[in-house]
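**Student:** Need a 3D model of the following:
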Amino acid sequence: MYLAMLVVCIHAAFVGALLGLDVVPINSWASVEPSPLLPSRRYGHVSVGLAGNVIVFGGFDIEDNFLDDTWVYDMSTGIWADVTPLPPQPNPASRTFAAMAVVNATTALMFGGFGSSVSLQDLWFCSLVPISGIEEEIPSVLPRVQSGPLSNWTVVWSQATVASSSPVPAPRSGAAVATVLGQFVMFGGTVALLEGGVWWLDLVTMVWTFLPTLATPVVSFGVFTACALTDGMMVIAGGNNTGPMTPINTWILQVQKSPTNNSLVAASWYTPSGTGPPLFGPALACRPTTAAPGLAMPEALAFGGGFGMTEGMLASWKLVLANLTDPASAVWTTQPLTSGWNSNDLSPAVRIRSTMVLLASPTNNQSAFVLFGGVLASTSQTYAAFNDMWITDDGIVWLEVRSIHELLIWASPLAMLTCPQAQMLTTTFP
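**Tutor:** Numbers count the residues shown, from 1 in each chain. The predicted structure is shown next:
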């Protein structure tokens, strides 16, 4: 056993409030236990934040095998748990580059992806449920690994059935999806034809509708990522796996609802100003004004990506909407980097195909961006997948977290210089 003292500066109180962790004064001590499990290294997976927990499903492993496992990072206990359902409970087939979006506080919806040999078009609801009260009813949904502390949560998968009269989008992987105006909206992906619009699924009637748009981004093929910026806008990044790179890498889609029912009747495209993330494989998440105290306008954060598997970028970008009703007012800015941020392992390594979610505390209005996994993008052409998790409030200062109880916290030299009072944690590692 050994003791590691971790100096916590900027955002220490914020992270403590979000994670339920007591950040103690410099002359105090705290002893906590590490999480015994971690998900395997992966990329091309999907992840969402539900009820203050991180859900991870599928993707490729380090040897490009398809994965079908589901993991929950329980924020109340700091435990990763493999909650992949055991037979006879339903579970999605293994896949990579599926599209997934939160539809309510404890449920997400996943579409398609690429299986072992074909693109998929199935729909799955992923519901986060507390373990208490279900272990006697459905023992097979308990976490697979029972050693060590257990998560308080597990996941139940159920395949969604669309109405018999509904058209169905073509099979695809890498689509951009978000829940906008109460509907599940999808754009692009690896489809053979340019569709010239978006699909939306009525979450009550389970009917798909194709909605043409007046103009479609030049890049509509490839692997995308998306998030809901406001109730009527979604940010979309990525695309174009093989074609020429374009100077416009992100878009905002604004949708409008019928005044008489819940139907989406119009959709328009806008291009944010400023320089955003690169086209190939960035991670992206949005934060609405309700998710952070004092946040005047909604914002999005992007990290990483690049211009192919060997040209990754170590940077993050923030998108801010200046006018709540005007998508054209959105501006990207590159987050400032310090010299230490680039050279001393003070941030996530350069990577593509990672995922980022907004993790909101279920007990207060604190929130943070959480990055997980991905694959190394390096000119050395040596590929390595990750299973690390990083938390940030602004894309500048990052905290690496294997669990709440095993914090590896890094702060830039600039942050250390401006810190009014250092904080210290002591963690016991095996």
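**Student:** so where's the stretch 301-430 of the chain uncertain?
**Tutor:** Applying pLDDT under 70 to the stretch 301-430 of the chain picks out residues 309-310, 337-346, 362-365, 377-383, 402-430.
**Student:** can you pull out the strands in it?
**Tutor:** For the stretch 301-430 of the chain, the strands identified by DSSP state E, counting those that start in this stretch occupy 316-321, 330-334, 351-352, 355-360, 367-372, 375-376, 389-392, 398-403, 406-409, 423-429, in order along the chain.
**Student:** neighbouring contacts of the third one?
**Tutor:** The set of residues that contact strand 351-352 without belonging to it, under CB atoms under 8 Å, 6 or more residues apart in numbering, is 43, 280-282, 304-306, 309, 312, 374-377, 386. Bear in mind the C-beta positions are built from the backbone N, C-alpha and C, glycine included.
**Student:** thinking again about what came up before, out of the strands of the stretch 301-430 of the chain, which gets nearest to Thr271?
**Tutor:** Closest approach to Thr271 among those is made by strand 330-334 (8.7 Å; CB to CB).
**Student:** Now tell me what touches that closest one from outside.
**Tutor:** 229, 235, 250, 252, 270, 272-276, 315-322.
**Student:** Buried residues, it. List them.
**Tutor:** Residues of strand 330-334 classed as buried under the neighbour-count rule (16 or more other CB atoms under 10 Å) are Ala330, Trp332, Thr334.
**Student:** Tell me the one among those nearest to Val156.
**Tutor:** Ranked by distance to Val156 (CB to CB), those are led by Ala330 at 36.6 Å.
**Student:** Could you list the low-pLDDT ranges of the stretch 1-150 of the chain?
**Tutor:** Applying pLDDT under 70 to the predicted model, the residue ranges of the stretch 1-150 of the chain that meet it are 1-36, 133-150.
**Student:** Run through the helices of it in chain order.
**Tutor:** Using DSSP state H, counting those that start in this stretch, the helices of the stretch 1-150 of the chain run over residues 12-19.
**Student:** the strands in it, which residues?
**Tutor:** With DSSP E, counting those that start in this stretch as the criterion, the stretch 1-150 of the chain has strands at 2-8, 46-50, 53-60, 66-74, 79-82, 99-104, 107-114, 119-130.
**Student:** Now tabulate the strands of the stretch 301-430 of the chain in JSON lines and tack on distance to Ala178.
**Tutor:** Output for the strands of the stretch 301-430 of the chain, formatted as JSON lines (distance: least, CB to CB, whole Å):
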{"stretch": "strand 316-321", "distance to Ala178": "14"}
{"stretch": "strand 330-334", "distance to Ala178": "15"}
{"stretch": "strand 351-352", "distance to Ala178": "21"}
{"stretch": "strand 355-360", "distance to Ala178": "12"}
{"stretch": "strand 367-372", "distance to Ala178": "16"}
{"stretch": "strand 375-376", "distance to Ala178": "24"}
{"stretch": "strand 389-392", "distance to Ala178": "21"}
{"stretch": "strand 398-403", "distance to Ala178": "25"}
{"stretch": "strand 406-409", "distance to Ala178": "31"}
{"stretch": "strand 423-429", "distance to Ala178": "36"}
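**Student:** looking at those strands, which is closest to Ala81?
**Tutor:** Between the strands of the stretch 301-430 of the chain, strand 398-403 lies closest to Ala81; by CB to CB that is 10.7 Å.
**Student:** Gly305 contacts Gly312, doesn't it?
**Tutor:** Yes: using CB atoms under 8 Å, Gly305 is in contact with Gly312, at 7.2 Å.
**Student:** Looking at those two now, which is surrounded by more residues?
**Tutor:** Remark: of Gly305 and Gly312, Gly305 carries more neighbours, 30 against 25, as counted by other CB atoms under 10 Å.
**Student:** On the pLDDT front, check the nearest residue to the more buried one once chain neighbours are set aside for me.
**Tutor:** Spatial nearest neighbour of Gly305, excluding adjacent residues (CB to CB, 6 or more residues apart in numbering): Pro282 at 3.0 Å. With respect to pLDDT, Pro282 scores 93.
**Student:** Distance check, Pro282 against Ala98.
**Tutor:** Counting by CB to CB, to the nearest Å, the separation of Pro282 from Ala98 is 17 Å.
**Student:** Comparing those two, which residue is more hemmed in?
**Tutor:** The neighbour count for Pro282 versus Ala98, taken as other CB under 10 Å, is higher for Pro282 (29 against 26).
**Student:** wait, what's in contact with the more buried one?
**Tutor:** Shown here is Pro282, whose contacts under the criterion CB under 8 Å, 6+ apart are Thr225, Ala237, Gly238, Ala302, Phe303, Gly304, Gly305, Ile352.
**Student:** Could you do Ala178 as well?
**Tutor:** By CB under 8 Å, 6+ apart, the contact set of Ala178 is Ala101, Val185, Ala226, Cys227, Ala228, Met234.
**Student:** Repeat that for Thr70.
**Tutor:** Residues touching Thr70, when contacts are defined by CB under 8 Å, 6+ apart, comprise Ile55, Val56, Phe57, Asp82, Val83, Thr84, Pro85, Asn91, Cys126, Val155, Trp157.
**Student:** Same check on Ala215?
**Tutor:** Remark: with contacts taken as CB under 8 Å, 6+ apart, Ala215 is in contact with Ser268, Trp269.
**Student:** which stretch of helix or strand covers it?
**Tutor:** Secondary-structure element containing Ala215, defined by DSSP states H and E: none, the residue being outside all helices and strands.
**Student:** I'd like to know how far it sits from Gly374.
**Tutor:** Ala215 sits 32 Å away from Gly374, going by CB to CB.
**Student:** Over to Gly238?
**Tutor:** Relative to Gly374, Gly238 is positioned 13 Å away (criterion: CB to CB).
**Student:** Same check on Ala291?
**Tutor:** Between Ala291 and Gly374 the distance is 23 Å, computed by CB to CB.
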